[in-house]
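[1] Sequence and predicted structure are below.
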Amino acid sequence: GAAALFVLAMQVSNLSQLNHGDTYRVSAEFENVGGLKVRSPVKVSGVRVGRVSAIDYDTERYQAVVEMQLEKKYDKFPEDTSASIFTAGLLGEQYIALEPGGAEDYLEDGSQIEITQSALVLEQLVGKFLFNKAAGSK
């Protein structure tokens with residue numbers, strides 16, 4: 001009974017899919033991660049290929065450092081793959097979208113993704129829109 005409940009809880013929380021033996025680690029730096037959280041999905045073409053495993057701050061470069069665990073069955077990402085932070089829908093959860101590049105060498109365990117695009121913060125977009133609207137009406 002208790003063991004079955006534990007297995008069910010693991011399946012629902014997806015903790016069982018973060019078995020580090022079946023994943024490899026890559027990282028990326030962003031100016032702004034917005035509402036991105038540990039365990040947020042990492043997707044390619046809408047398909048989940050991993051999860052965010054850690055978010056830290058680099059005090060020397062003044063950037064957020066995001067560590068991701070990618071499933072080993074998806075081990076053919078070119079080393080010039082880019083990472084962007086998107087929001088699912090207008091107010092949905094944030095996730096990292098990977099866009100494969102065209103390099104011949106692949107990302108490996110411990111690689112850093114160099115090409116990144118930070119999260120778009122809704123408040124900033126609304127503020128810019130309102131500012132531009134006000135400036136245009138003069």
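    Nice, I can see it. Treat the numbers as computed from the prediction; the structure is a model and nothing was measured. Numbering: from 1, shown residues only.
[2] Next SSE downstream of the longest strand along the chain?
    In the chain, taking DSSP state E as the definition, the longest strand is strand 47-58. The helix or strand immediately downstream of strand 47-58 is strand 63-71, counting by DSSP states H and E.
[3] Would you tell me what the next helix or strand after that next one is?
    With DSSP H and E, the next secondary element past strand 63-71 is strand 82-87.
[4] so what strands line up beside the following helix or strand past that following strand?
    Per DSSP H and E, strand 82-87 leads on to strand 94-99 as the next helix or strand towards the C-terminus. Partners of strand 94-99 in the sheet, by DSSP bridges, are strand 41-44 (parallel), strand 82-87 (antiparallel).
[5] Extract the C-alpha set from stretch 75-87 and format it as PDB.
    Provided in PDB are the C-alpha atoms of stretch 75-87 (Å, rounded to 0.1, in the frame of the first residue of the first chain):
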ATOM      1  CA  ASP A  75      22.200  13.800 -26.800                       C
ATOM      2  CA  LYS A  76      22.600  15.200 -30.400                       C
ATOM      3  CA  PHE A  77      22.200  18.900 -29.800                       C
ATOM      4  CA  PRO A  78      24.800  20.900 -31.800                       C
ATOM      5  CA  GLU A  79      27.100  22.900 -29.600                       C
ATOM      6  CA  ASP A  80      25.700  26.200 -31.100                       C
ATOM      7  CA  THR A  81      22.200  25.400 -29.800                       C
ATOM      8  CA  SER A  82      20.500  28.400 -28.400                       C
ATOM      9  CA  ALA A  83      18.300  28.700 -25.200                       C
ATOM     10  CA  SER A  84      15.400  31.100 -24.700                       C
ATOM     11  CA  ILE A  85      13.000  31.500 -21.900                       C
ATOM     12  CA  PHE A  86       9.300  31.500 -22.900                       C
ATOM     13  CA  THR A  87       5.900  31.500 -21.200                       C
END
